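[1] next come a sequence and a model predicted from it.
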Amino acid sequence: MSNKNQERLSSAADAVFMRRAMELAAQAEAEGEVPVGAVVVHNGVIVGEGWNRSIGHHDATAHAEMMALRQAGQTLQNYRLVDTTLYVTLEPCPMCAGAIVHSRVGKVVFGAHDAKTGAAGSTMNLLSYEGVNHHVVFEGDVLASECRAQLQAFFKRRRAEKKAAKLAARQTSSDV
Ligand SMILES: [Zn+2]
């Protein structure tokens, strides 16, 4: 098999796993959370899945990546997730990037960049930080436009809902 074929195969697999992460992001959205989803893959098999659950769990650490890492640790019965790839729809934040390094994840594949808190190059690069001995290979922009559209649609809808609620409140107060 030529390298070119391998590359094509690997990117087709990337798309499959990223689409699963997007399904999990939709699950987060259905629960009223910011839509971010993540999967951890080991030997071509999903061993951990997670979606953003911070609000529902009253837990600021319940990001999609953290949930997926926790489940992968249980599946593999190991806190070291060596030779795994983590797929996530949005560039990991500093907390998740730290957890990814601690978990010894081999590679991160993410969808949309996060200009505000992204820790895989956008604001800082904690995945391969000089002075930290474990470096995580990463690749962004995988199905980026679809991942970004999912987030943008969520925030657009939420803004519209807030506006409608404000309008309704004004209406009620003027009725009084
Ligand atoms: Zn995070």
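    Yes, it's here.
[2] can you give me the strands in the protein?
    Ranges of strands within the chain are 37-42, 45-51, 84-90, 107-112, 137-139, based on DSSP state E.
[3] and R70, which of the ones you listed is closest to it?
    Nearest of those to R70, taken as CB to CB: strand 45-51 at 7.2 Å. Quick note: C-beta positions are derived from backbone N, CA and C, even for glycine.
[4] tell me the spacing between H57 and A68.
    Going from H57 to A68 by CB to CB, to the nearest Å gives 14 Å.
[5] more neighbours: which of those two?
    A68 (31 against 12; other CB atoms under 10 Å).
[6] quickly note the distance from the more buried one to V109.
    From A68 across to V109, the span is 13 Å (CB to CB).
[7] how about the residues of this protein by the ion?
    H63, C93, M95, C96 (CB under 5 Å from the ion).
[8] inside helices: which ones of these?
    Using DSSP state H, M95, C96 are the members of the residues of the chain next to the ion that sit in helices.
[9] take the residues of the chain next to the ion and lay them out in TSV including pLDDT and distance to T172.
    Listed next are those as TSV, based on pLDDT from 0 to 100; distance: CB to CB, whole Å:
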residue	pLDDT	distance to T172
H63	98	37
C93	98	38
M95	98	40
C96	98	41
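[10] neighbour count added to the residues of the chain next to the ion, as TSV?
    Below are those laid out as TSV (neighbours: other CB atoms under 10 Å):
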residue	neighbour count
H63	27
C93	21
M95	16
C96	28
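[11] no more questions from me, cheers.
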